[in-house]
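**Q** need coordinates for the following:
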Amino acid sequence: MKVLTLCMLIIALAACSNEPERAYTVDEFLANKSLLAEVIGKCRNNPGELGNTPNCQNAAAAAFKARLQRMGQALGG
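**A** Numbering: from 1, shown residues only. Below is the predicted model:
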């Protein structure tokens, strides 16, 4: 009986766990500059834990792509 109760408790706790954070694409970050700035800020404040997450990687790629686009425009491209 105690084992059954323990198993039910573990299953209930597992069901209440947090949902994983939504992963945004590079294009979504490029379209939403405030979201990009927010995610870049979080990633820079905690690179050890968040640096390899999809959102941090996509945000870094979007920031790099945006920088290249601005440089191209500045050079008349």
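
**Q** work out for me the element the nearest residue to Val39 once chain neighbours are set aside sits within.
**A** Closest residue to Val39 apart from its sequence neighbours, by Cβ to Cβ, 6 or more residues apart in numbering: Ala59 at 4.3 Å. To be clear about C-beta, it is placed using only N, CA and C from the backbone, and glycine gets the same treatment. Taking DSSP states H and E as the definition, one finds Ala59 inside helix 54-74.

**Q** centre of the chain to that helix, how far?
**A** 15 Å (Cα atoms, centre = their mean, to the nearest Å).

**Q** OK, contacts around the residue nearest to Val39?
**A** Tyr24, Phe29, Leu36, Val39, Ile40, Cys43 (Cβ atoms under 8 Å, 6 or more residues apart in numbering).

**Q** the residue most central in space within the chain and Asn46, how far apart?
**A** For the chain, Asn55 is the residue whose C-alpha lies nearest the centre (Cα atoms, centre = their mean; 2.5 Å). According to Cβ to Cβ, to the nearest Å, Asn55 and Asn46 sit 12 Å apart.

**Q** also Asp27?
**A** 25 Å.

**Q** with Lys33 instead?
**A** Look at Lys33 and Asn46: by Cβ to Cβ, they are 21 Å apart.

**Q** since we're on Pro47, how many residues are nearby?
**A** Per other Cβ atoms under 10 Å, the neighbour tally for Pro47 reads 11.

**Q** quick one: contacts for it?
**A** So Pro47 contacts Cys56 (Cβ under 8 Å, 6+ apart).

**Q** got a pLDDT number for the residue nearest to the centre of the chain?
**A** Looking at Asn55, its pLDDT is 96.

**Q** that one reaches Glu21, doesn't it?
**A** Yes - look at Asn55 against Glu21 with Cβ atoms under 8 Å: they come within range, at 6.5 Å.

**Q** what's the burial count for the nearest residue to Ala62 once chain neighbours are set aside?
**A** Distances taken as Cβ to Cβ, 6+ apart put Phe29 closest to Ala62, at 3.6 Å, once the chain neighbours are dropped. Residues lying near Phe29 (other Cβ under 10 Å) number 23.
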